[in-house]
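Undergrad: Here you go, sequence then predicted model.
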Amino acid sequence: MAPSAWIREQETEPSILDVTTRIALIPGDGVGPEVMAEAEPLIDWARSRGHRLETVRLSYGADHYLSTGETLPEEAYADLRDGFDAVIFGAVGDPRIPDGRHAEEILLRLRRGLELTVNFRPCQPLPGLSRQGLHLEVFRENTEGAYCLQGSTEPGRAVDLAVHTEVAVLRLLEVAFARAQARGCALTLAHKANVLKHGHGLWVRVFQSLQAAHPDVPARGMHADALLCALVQDPAPFGVIAADNYLGDLISDLTAAFAGGMGTAPSLSWAPHRPFRCAVLAEPVHGSAPDIAGKGLANPVGMILSTALLFRHLGWESEAETVERAVAAAMRDGARTRDLGGSLSTAGMGAAIRDRLSG
Ligand code: IPM
Ligand code: MG
């Protein structure tokens, strides 16, 4: 390399290293703030290990909506999109807002607006839970399908449209194929193309085109109803499952049940094509669980493992592994919240995990 080029590289390196990762924290509703409180110390811990990062807490959610009428204001959304690198999201949903308008305008808006096409929902039972050795991963398209929120209600008739685009389907399936290839495992596409001929027909066509390009990946499509039956009977043969938004929502709750239930299931959504600075969002699979909110009953593991997935996505592999090992060690030592038959509170479980961060 020419010396001048080498010098330029030396000069630009520090500024690259100096970049601060900006993370927006949106605790949201119900148990969201409680589980977020157990993720935040992990961010401080990552900072103590030398990562330059800044967090900003945003209070959008049911309370904010009910007191101000605001869901996610346009300026706040634009600031998130252009001024942050990542979002950590707690949960959204509140019985005082039965039509879920704020959920739509906050969480679904972020997923769709930031083009977070890929939603990754892994299922690997933690130590002490049943179905040890299972390693299933759901890749859910996260921005369209039945979640396009187009439709109408008329007297005696209601319509929900599902819009699927080749661009988004291809983006999701390329990631799923690459992952199955890297893991050397089977890839299954969940669809109902026998009925949803247009939308799921497109999924099958795109899937088949990628199959031709990945002859080494054992890939097949399955009707989603038959897939659910096969999963319940024996999930072991499945490795990676790809699905549209609606089917992926359903399938990932089922796979969460294989690995201890909703409390432990993590997820990460990202935009593989990085259209905006903010291109990744971590959130547990569970919802806001208003019935147990504020009681210290929520399991923070799903949120903590989602934070580990975010660390990995940001390139902080050592921090991701350390957090995942700490969760496994706490479980091995018998630390359990009530949903798993234990007696620890949300904060107690978070502390048990943090106590094991070093080793
Ligand atoms: C999920 C949730 C959301 C969804 C709700 C809260 C809108 O169930 O993340 O799986 O349906 O995607
Ligand atoms: Mg769901």
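TA: Happy to help now that I have it. Numbering: from 1, shown residues only. Ligands and ions are numbered 1, 2, ... in the order given.
Undergrad: Could you pull up the residues touching Thr143?
TA: 111-112, 115-117, 168, 245 (CB atoms under 8 Å, 6 or more residues apart in numbering). Every residue, glycine included, has its C-beta placed from N, CA and C.
Undergrad: for Gly128, same thing?
TA: 331-332, 334, 336.
Undergrad: can we see that at 6 Å?
TA: Going by CB atoms under 6 Å, 6 or more residues apart in numbering, Gly128 touches Met331.
Undergrad: That one belongs to a helix?
TA: No. Under DSSP: H, G, I helix; E, B strand; the rest coil, Gly128 sits outside any helix and is assigned coil.
Undergrad: how close does the closest residue to Phe207 other than its chain neighbours get to ligand 1?
TA: Nearest-residue entry for Phe207: Leu189, 4.8 Å, with adjacent residues in sequence omitted and distances by CB to CB, 6 or more residues apart in numbering. Relative to ligand 1, Leu189 is positioned 19 Å away (CB to the nearest ligand atom, to the nearest Å).
Undergrad: Got the phi and psi for Leu189?
TA: When read as degrees, to the nearest 10, the backbone of Leu189 gives phi -100, psi 120.
Undergrad: I'd like to know the predicted local confidence at Ser358, please.
TA: Per-residue confidence at Ser358 stands at 82 (pLDDT).
Undergrad: that older thread, wouldn't the residue nearest to Phe207 be in contact with Ala242 here?
TA: Yes. Using CB atoms under 6 Å, Leu189 makes contact with Ala242 at a distance of 5.1 Å.
Undergrad: Please identify which of these two sits among more neighbours.
TA: Legend: neighbour count by other CB atoms under 10 Å for Leu189 and Ala242, higher for Ala242 (31 against 28).
Undergrad: what's near enough to touch the closest residue to the more buried one other than its chain neighbours?
TA: Leaving out its chain neighbours, the residue that sits closest to Ala242 by CB to CB, 6+ apart is Ala176, at 4.0 Å. Residues in contact with Ala176 (CB under 6 Å, 6+ apart) are 139, 240, 242.
Undergrad: Tell me which of those fall in strands.
TA: Of the positions in those, 139, 240, 242 sit in strands, assigned by DSSP state E.
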